[in-house]
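Undergrad: A predicted structure for the sequence below; I have some questions about it.
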Amino acid sequence: MEGEIKNFILVWTTVVASLCYCHAVSKHLPSTATNLRRLAILPIAPLFWLLPLNLTSIHLGAVTSFFIAWLASFKLILFASASGPLHSTPPLPLSLFLPLACFPIKPQHPYTKPSPQQSHINLPTKITILALLIQVYTYKHHLHPKLIWCCYCIHIYFMLEILLSLAGSVARAFTRIEIEPQFNEPYLATSLQDFWGRRWNLMVPKTLHPTVYLPVRRAAARLTGWRWAAIPAVLATFLVSGVMHELVVYNFGRVVPTGEMLGFFLLHGVSLSAEIVVKRVVPERFWVGRAVSGPATVAYVVWSSFWLFFPPFLRAGADVKGCTESLAFVEFLKTRRLVSPADLNCPFL
């Protein structure tokens, strides 16, 4: 565990130094010097794809892969072309540029100071539920696998929301600006469009929209017209999302990708495309009501997760790694001593 923490510090030191370099480049190369700007900044993106390979844990490796290899690298690709959340006129101060690049956050516009009334009032409840789920996993050999997988669905949602809320809180404390929410009650989604575009892990669609969706839609519009160009754009967006998910899973599991994770997102890309077609062809009065579409949407996401998302996730040992690392952290709080998760008497094996 000590070696992982040293690697974690080294990786993030490299990330911060690279971002400082990109920020300095942007001050000396204006947006009009497009080719030079791209030549100077774009090589950092593949560096960010490789850096998380130095980490193998769930909480440090997977999080760094998501923050840096995925979101930060895509932000830099936009930044190299003088667009995206990191680009501003006048340039953002380094104190704001760094957290916006490192964390999956987006400031509310116009920039405002945080309201003292806003707080994460549900955070203790979610942490408590996660702690209870970890206790449930100690009995997983006596429970039906599908019940355990339902617990995993809840676990992933709460863990992501807690993690991103904490990242937003850190960024808010440093920047003193209000941050847009990263989740919007995804269990209340009434369609796949609603789930993926307006409720689930919102920094991902906001990052993929300008980097993948819009360029593909503009290119496809020359052949299909703007109305139907959304279909190949949606498919391309989910394809890229699937590839990046495969990268995240490989980073912490070192398991050769089987394509199931990619298949999960392609399935949802095809399903969402079909939903778009139906909504544009079928009159609105024939649409299914929210009372039916809501549970059907959540059920479809859960069912497809059981089929395609969780198998590679579990083969990579995400469940055992996540729980043992949590136990190691609890042990550190008790004894102030770093221990390897492998040295713990893990009840999840």
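TA: Arrived safely, thanks for sending. Residues are numbered from 1 along each chain as shown.

Undergrad: pLDDT weak spots in the stretch 201-349 of the chain?
TA: For the stretch 201-349 of the chain, the stretches with pLDDT under 70 are 327, 329-334, 336-349.

Undergrad: part of a helix, is residue 200?
TA: No. Counting by DSSP: H, G, I helix; E, B strand; the rest coil, residue 200 is not found in a helix; it is coil.

Undergrad: ok, how many other residues are close to it?
TA: The tally of other residues near residue 200 (other Cβ atoms under 10 Å) stands at 20. Quick note: C-beta positions are derived from backbone N, CA and C, even for glycine.

Undergrad: Could you do residue 265 as well?
TA: 24.

Undergrad: Follow the chain on from the host helix or strand of it and name the next helix or strand.
TA: Using DSSP states H and E, residue 265 maps to helix 260-281. Tracing the chain past helix 260-281, the next element assigned as helix or strand by DSSP H and E is helix 290-304.

Undergrad: contact partners of the helix or strand following that next one?
TA: Counting by DSSP H and E, the next helix or strand C-terminal to helix 290-304 is helix 310-315. Helix 310-315 has contacts (Cβ atoms under 8 Å, 6 or more residues apart in numbering) with 149, 152, 246, 249, 253, 255, 257, 258, 260, 261, 319.

Undergrad: at 10 Å instead, please
TA: With contact meaning Cβ atoms under 10 Å, 6 or more residues apart in numbering, helix 310-315 is reached by 145, 148-149, 152-153, 156, 245-246, 248-250, 253, 255-264, 304-305, 318-320.

Undergrad: buried stuff in it?
TA: For helix 310-315, a neighbour-count test (16 or more other Cβ atoms under 10 Å) marks 310, 312, 313, 314 as buried.

Undergrad: Quick check: of those, which lies closest to residue 219?
TA: The shortest approach to residue 219 among the buried residues of helix 310-315 belongs to residue 312, at 31.0 Å (Cβ to Cβ).

Undergrad: What distance do you get for that closest one to residue 192?
TA: Distance, residue 312 to residue 192, by Cβ to Cβ, to the nearest Å: 21 Å.

Undergrad: Tell me which of the contacts of helix 310-315 fall in helices.
TA: Members of the contacts of helix 310-315 lying in helices (criterion: DSSP state H): 145, 148-149, 152-153, 156, 245-246, 248-250, 253, 260-264, 304, 318-320.

Undergrad: about what we covered before: so which other helices or strands are in contact with the helix holding residue 265?
TA: Secondary-structure packing of helix 260-281 (3 or more Cβ pairs under 10 Å, 6 or more residues apart in numbering; DSSP states H and E): helix 192-198, helix 230-253, helix 290-304, helix 310-315.

Undergrad: just so I know, which of the ones you listed lies nearest residue 20?
TA: helix 230-253 (24.0 Å).

Undergrad: Report the distance from stretch 176-187 to the chain centre.
TA: Distance of stretch 176-187 from the chain centroid (Cα atoms, centre = their mean, to the nearest Å) equals 13 Å.

Undergrad: and the nearest residue to residue 253 once chain neighbours are set aside, how many neighbours?
TA: With sequence-adjacent residues excluded and distances taken as Cβ to Cβ, 6 or more residues apart in numbering, residue 253 is closest to residue 316, at 2.4 Å. Applying other Cβ under 10 Å, we find 22 residues neighbouring residue 316.
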